[in-house]
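Engineer: show me how the following folds:
(2 chains)
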Amino acid sequence: MDQTAKRPPAIGERLVHKTFPAISRHTLALYCGASGDHNPMHVDIDFAKKAGFPDVFTHGMLVMAYLGQALTDAVDPASIRSFSTRFAAITQLGARLTCEGHITEWLDHQGERRAKLALTTKDENGEIKLAGEAIVAL
Amino acid sequence: MVDQSAVGRSFTPVTASVEPGRLRYFFNTLGECNPVYRDAAVARSNGYSAVPAPPTYLFCLEMMDSDKPFEFLTELKIDLARVLHGEQSFSYHAPVVVGDTLTFKPRVTSVTDKKGGAMTLIVVETAVSNQDGIHVADVSRTIVVRN
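Structural biologist: Below you'll find the predicted structure:
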């Protein structure tokens, strides 16, 4: 194989980039069913208000699923060795999310070349909702 | 309030199947169009034996097929209304595809008080194995309890 044909992406390169439509109550209801996460906090405004929140808010794992989708648009799902996030802020209804991932480091694991990606999900105001990383074999 | 005595506690193992219809519903909800997920022939031509599970789906499967999806909260006497998701991580060791039957074994691995006890961070780690006994993944969630 011609090793020069496909050069590895450079450190700092943005490998992952995807934007998503505004999150609606309908999205949250569908995700509640589709994910098996029936926590009423995300679909029942009465429950959310009683818990001290002004409204229902997005499942962190829905936001992480979008980030995962952005990631597997860029790399083969089977190449992902690890994927982790911190939920930095609550994602409100109506948020339009942008997911990004930049290469921060190349690693060698028993002869397998791996890239470490720094991942973020931000809303339309640039506020970070998720910050995380993935290790992928590239 | 949850204390160190919770560390090491394990909960009822969950067995869950990666079913094509449920997975399709998940993809539809997320507007997923990637052909490797939407077309079994494309998945096979990419080396998978069937459509692969997307990166976060293990978290979903464990809840979907559990008789008591919030068992660790009730067992630790935590009110669901006081819980936020702090962190989540997945380590993947082998592919998971449609048709697989997975077993999830969750246990508490740490309890940490924050802000002078105003919050407690609880880490639950779950080992996931498939129908052939292969350890396919480790899943870790950190929940934040507002005390």
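
Engineer: can you tell me the helix or strand for residue A:18?
Structural biologist: strand A:14-19 (DSSP states H and E).

Engineer: I meant residue A:103, not that one.
Structural biologist: Applying DSSP H and E, one finds residue A:103 within strand A:98-109.

Engineer: tell me where chain A has helices.
Structural biologist: A:25-35, A:45-50, A:60-74 (DSSP state H).

Engineer: now those in TSV, with distance to chain B, mean pLDDT and mean neighbour count?
Structural biologist: Where C-beta positions appear, they are placed from N, C-alpha and C, glycine not excepted. Listed next are the helices of chain A as TSV, based on distance: least, CB to the nearest CB, whole Å; pLDDT from 0 to 100; neighbours: other CB atoms under 10 Å in any protein chain shown:
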stretch	distance to chain B	mean pLDDT	mean neighbour count
helix A:25-35	4	98	18
helix A:45-50	7	97	14
helix A:60-74	4	98	24
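
Engineer: let me have those helices in TSV, adding distance to residue B:74 as columns.
Structural biologist: Conversion of those to TSV gives the following (distance: least, CB to CB, whole Å):
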stretch	distance to residue B:74
helix A:25-35	19
helix A:45-50	16
helix A:60-74	20
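
Engineer: nearest to residue B:126, out of those helices?
Structural biologist: With CB to CB as the criterion, residue B:126 lies closest to helix A:60-74 of those, at 13.9 Å.

Engineer: and the closest one, what does it pack against?
Structural biologist: Judged by 3 or more CB pairs under 8 Å, 6 or more residues apart in numbering or on different chains; DSSP states H and E, helix A:60-74 is in contact with strand A:14-19, helix A:25-35, strand A:80-87, strand A:98-109, strand A:112-122, strand A:128-137, helix B:20-30, strand B:83-92.

Engineer: could you check how far that helix is from the centre of its chain?
Structural biologist: Between the centre of helix A:60-74 and the centre of its chain there are 4 Å (CA atoms, centre = their mean, to the nearest Å).

Engineer: confidence score at residue 131?
Structural biologist: Picked chain A for this. pLDDT for residue A:131: 98.

Engineer: the chain in question should be chain B.
Structural biologist: On pLDDT, residue B:131 comes in at 98.

Engineer: just residue A:9 next, same as before
Structural biologist: At residue A:9, the model reports a pLDDT of 86.

Engineer: what's the answer for residue B:3, then?
Structural biologist: 89.

Engineer: burial count for it?
Structural biologist: As a burial measure, residue B:3 scores 10 neighbours (other CB atoms under 10 Å in any protein chain shown).
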